Structures are given as C-alpha cells and as structure tokens.
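Peer 1: Got a predicted model here, sequence first, then my questions.
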Amino acid sequence: MSRTGLITTKLGNTSYYNENGTSVNVTILKVDDCIVSNIKTLEKNGYNAVQLASIDTGKDVKKIKKPQRKNFSSINLNPKKVIKEFRVDEKNILEIGTSLNASHFKANQFIDASSISIGKGFAGVMKRHNFGGLRASHGVSISHRSHGSTGQNQDPGRVFKGKKMAGRMGSKRVTKQNLKVIKIDEANNLIVVKGSVPGKKKSIVFIKDSIKKQI
C-alpha cells in the first residue's frame, strides 16, 4: 500500500550507540509540521496524490503566487516554503489540513530518501568516475590524471554520447534506497536514519516508505 512520505531537513551526521554498545553512523532528520495542503484524485486529476507543505516562509499570504495562495488561504495556513506531492493509493488519501510528524514512520522500517547532492564543481575523471589514471612513468608526462583516449579510429570516428569524462560533479537529485530507521524522537520530531543521506546540512530531504524493502 503506497502512502504519503514526509518533508524533512537534514541536521547532520553523528554516532548512535545501540543496546549492545556498538557505534552506528547515523543521519538526523528534522520534521517540521507537514500539513496536507491539497489532494489529487483519480476522478478529477487522473491520479491519486497528497500534497504536503512544510517550513514557514514568514511571508504574508498576499505575497505568494496565486495558485498557492488559494490553497493556503482556504485552510487558514501560513505560507510554507516547501511543497511536495506524493503519489498514494486511494485508501491512503488524507484530508486537507491534516498534520503529519515524525511518528508517521517507526523504528526498524526502511525508507527511501531524496535530496540534492553536495556540489563538487568541475572534477576530473579520477574523482568523478573513479578512473585509475595513466601510468606513473614509462613515457607518461604531465597527463597522469587524464582519461586517455575517448574516440575510435576511422570507424565510427567519434565520441559516443554519455562517455565518462571530466565535468561538473554533484548538485543533482539523488535517491538513496533501503535506509533503516534507527529511532524516532517524537518529542523533538526527529528521525534517526542509519548511514548517510544525500545533501548537505540544512538540505531539504524527502523521505517515503521503501519501495524495495519492507520490515
């Protein structure tokens, strides 16, 4: 059964000690109140979805765009910075104005997390694609970290699209799957996830139930 996810903010990484005293690397995600601002139905829109809004903008309702203004004003909600739509099954459509928090998930379940990865700028192939580089000696000079030959001879005599080469690295939408939830702190609205999550500190992270791995 597909249900809605949550909008979270990445606070950073730390170590968590389990009951056995073993240290586990974890990522802490903060959940501001996620309010259902709109719903999409199969009859009206052609698909079922729940639209969530989170993180106050501090702006007046009159200062936001008209399509969003109608949603916020109709449910007497302050304008939110982040709006995200999650596809759901018909049975999991929530009422407009419903508030969700960290208790939406539970410990030991698996989730998928999506965010914008950290931008690395222009990077060479050794850093970007894990190339081994050229030989350290025996005729190689200056170009030790280069990618070497990229094309072919007379046939076809060109560089294929998608060839791994140097270029801008990071700053892309990345989804990491099958992350285990270690702990839910309902008092502080925190979700502790095992391992790393895409993005830098204060990045917006969208999380939902894992599509490949269940409890």
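Peer 2: Received it, and whenever you're ready, just let me know what you need. All of these numbers come straight from a predicted model, not from anything done at the bench.
Peer 1: so where's the longest helix in this structure?
Peer 2: As assigned by DSSP state H, the longest helix anywhere in the chain is helix 66-74.
Peer 1: I'd like the mean pLDDT over that helix, please.
Peer 2: Across helix 66-74, pLDDT averages out at 73.
Peer 1: With stretch 147-159 instead?
Peer 2: On average, stretch 147-159 scores 90.
Peer 1: what separates that stretch from the chain centre, distance-wise?
Peer 2: Offset of stretch 147-159 from its chain centre (Cα atoms, centre = their mean, to the nearest Å): 37 Å.
Peer 1: So which elements touch the worst-scoring helix or strand of the chain on mean pLDDT?
Peer 2: Least confident helix or strand of the chain, by mean pLDDT, DSSP states H and E, is helix 66-74 with a mean of 73. Where contact means 3 or more Cβ pairs under 8 Å, 6 or more residues apart in numbering; DSSP states H and E, helix 66-74 is packed against strand 34-40, strand 49-56. C-beta coordinates here come from the backbone N, C-alpha and C atoms, glycine included.
Peer 1: circling back: the longest helix of the chain: what's the following helix or strand?
Peer 2: strand 80-87 (DSSP states H and E).
Peer 1: Identify all contacting residues around that next one.
Peer 2: Here strand 80-87 makes contact (Cβ atoms under 8 Å, 6 or more residues apart in numbering) with 2-5, 7, 35, 37, 40, 47-57, 68, 72, 204, 206, 208.
Peer 1: Residue 126 looks like it's in a strand, true?
Peer 2: No. Counting by DSSP: H, G, I helix; E, B strand; the rest coil, residue 126 falls outside a strand, being helix.
Peer 1: what number of residues lie near it?
Peer 2: Here the count is done by other Cβ atoms under 10 Å, and residue 126 has 15 residues near it.
Peer 1: Find me the pLDDT at it, would you?
Peer 2: So, for residue 126, pLDDT stands at 96.
Peer 1: Correct me if wrong: it contacts residue 144.
Peer 2: No. Using Cβ atoms under 8 Å, residue 126 makes no contact with residue 144, being 9.3 Å away.
Peer 1: so what's in contact with these two at the same time?
Peer 2: Residues touching both residue 126 and residue 144 (Cβ under 8 Å, 6+ apart): residue 133.
Peer 1: follow-up on the earlier one: any buried residues in the longest helix of the chain, and which?
Peer 2: 68, 71, 72 (16 or more other Cβ atoms under 10 Å).
Peer 1: Residue 175: which of those residues is nearest?
Peer 2: Using Cβ to Cβ, residue 68 comes nearest to residue 175 of the buried residues of helix 66-74, at 25.4 Å.
Peer 1: ok, now how distant is the closest one from residue 31?
Peer 2: To residue 31, residue 68 is 21 Å away according to Cβ to Cβ, to the nearest Å.
Peer 1: Pairing-wise in the sheet, spell out the partners of the residue nearest the centre of the chain.
Peer 2: The centroid of the chain falls nearest to residue 114 when counting by Cα atoms, centre = their mean (1.6 Å). Beta-bridge partners for residue 114, by DSSP bridges, are residue 175, residue 206.
Peer 1: What separation is there between it and residue 5?
Peer 2: The gap separating residue 114 from residue 5 is 9 Å, by Cβ to Cβ.
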